[in-house]
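> give the three-dimensional model of this entry:
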Amino acid sequence: MKILVFDVGGTSIKYGSCIDDVLQDISETPTNAKLGGQHIIDMLIELIEKESGYDAIGISTAGQVNADEGYIIYANQNIPNYTGMQIRQILEERFHVPVAVENDVNAAALGEAFYGAGKEYDSFLCLTYGTGVGGAVIENKAIYHGSSFSAAEFGAIVTHSEERLNGTDYFDGCYEKHASTTALVRMAQEYDSSLTSGREIFQHLDNPEVMDILDRWVDEIMLGLSTLTHIFNPKCIVLGGGIMAQPLILNKINEKKASFIMPSFSHVTILSAELKNSAGLLGAYHLAKKRVVL
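Numbering: from 1, shown residues only. The predicted model follows:
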């Protein structure tokens, strides 16, 4: 079975095919997201038209997604006019094969559930740390979507209550503002304006001040992880995003676990994601494969 897979992000669209659980011919092209939702659809159509002999199409995409019907519930102005885009309907009518559409963080979590760090677990939490903080809940090897396909907005957990109470934005005082990679860079730049990326921060860890900044940032990560652990009582939490590929981060998280998480919850296993940039593609493949079976 050959399934075409796409991962639509704000910066690039990754794409290729997957045959018998193996990704093939993976490429990427700039999204040019500011050109809007119709531009993205036109790009997908152009890429699909170059292919033949496929049985289904799987799409992982930025934005809130109604996965049952395959359309964008909401997307911010990073992709103008994407809200309401009927991706499944458009592509199924055009190419006459089943199409599966899922939010990118959810798709990545499914990829990890079946092919990566979470494959030994029926249920786990997944978080990604980057520009913001994304989340997904895997329950019995499926995504828990909530009542309106918006569950697991973990970035909105309040971790700094006074900041939230005195703020004007929904994310003031929230996890995303303090535990994202963006937050780490902001903290580092307050000390040294030349530290403009996670990579540069890690190149300066021989500086005790920079190491202290990293340690304080890991404390911010733990505030959210402890809250989620005490609410969900999970066996496993999988952490993704480029910065989580750094073994030092996971080591620090596990060192701090005992001081943030009650002993009766301490059996939770915290792992780094394994699939990196292929997680969303493999999650999209899994969902599309299910639609062929149906």
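> residues in contact with residue 202?
With contact set as Cβ atoms under 8 Å, 6 or more residues apart in numbering, residue 202 has these partners: 246, 248. (Each C-beta comes from the backbone N, C-alpha and C, glycine too.)
> and the gap between it and residue 219?
According to Cβ to Cβ, to the nearest Å, residue 202 and residue 219 sit 18 Å apart.
> buried residues, stretch 155-168. List them.
155, 156, 157, 158, 159, 160, 164 (16 or more other Cβ atoms under 10 Å).
> from the residues you listed, which single one is nearest residue 44?
residue 155 (27.1 Å; Cβ to Cβ).
> what sits up against stretch 143-154?
Contacts for stretch 143-154 (Cβ under 8 Å, 6+ apart): 64-68, 73, 102-103, 105-106, 109-110, 125, 127, 133-138, 175, 224, 228.
> taking these one by one, which sit in helices?
Using DSSP state H, the subset of these located in helices is 105, 106, 109, 110, 175, 224, 228.
> most neighbours among those, which one?
Using other Cβ atoms under 10 Å as the neighbour test, those are led by residue 109, with 32 neighbours.
> quick one: contacts for that residue?
Contacts of residue 109 (Cβ under 8 Å, 6+ apart): 118, 126, 136, 137, 138, 143, 238, 279, 283.
> quick one: which of the residues you listed is most hemmed in?
Going by other Cβ under 10 Å, residue 283 tops those with 33 neighbours.
> model confidence for that one, exactly?
pLDDT, residue 283: 98.
> ok, it touching residue 106?
Yes. Checked against Cβ atoms under 8 Å, the pair residue 283 and residue 106 is within contact range at 7.1 Å.
> make sure residue 215 is indeed in a helix.
Yes. Counting by DSSP: H, G, I helix; E, B strand; the rest coil, residue 215 falls inside a helix.
> what does the closest residue to it other than its chain neighbours show for phi and psi?
The shortest distance from residue 215 to any non-neighbouring residue, by Cβ to Cβ, 6 or more residues apart in numbering, is to residue 252 (6.8 Å). The phi/psi pair for residue 252 (degrees, to the nearest 10) reads phi -70, psi -40.
> burial check on residue 252, number of neighbours?
Residue 252 - counted by other Cβ under 10 Å - has 18 other residues nearby.
> got it, and the one 4 residues further on?
Residues within reach of residue 256, counting by other Cβ under 10 Å, total 17.
> for it, list the residues it contacts.
Residue 256 neighbours (Cβ under 8 Å, 6+ apart): 218, 219, 222.
> for the protein, just list every one of the strands.
2-8, 12-19, 22-30, 56-61, 64-66, 71-74, 99-103, 124-129, 133-139, 142-143, 236-240, 269-272 (DSSP state E).
> show me what counts as buried in the first one.
Read that as strand 2-8. 3, 4, 5, 6, 7, 8.
> what sits closest to the spatially most central residue of the chain if chain neighbours are left out?
Geometric centre of the chain, nearest residue: residue 105, 3.0 Å, by Cα atoms, centre = their mean. If the residues on either side of it in the chain are set aside, residue 105 comes closest to residue 134, at 3.8 Å by Cβ to Cβ, 6+ apart.
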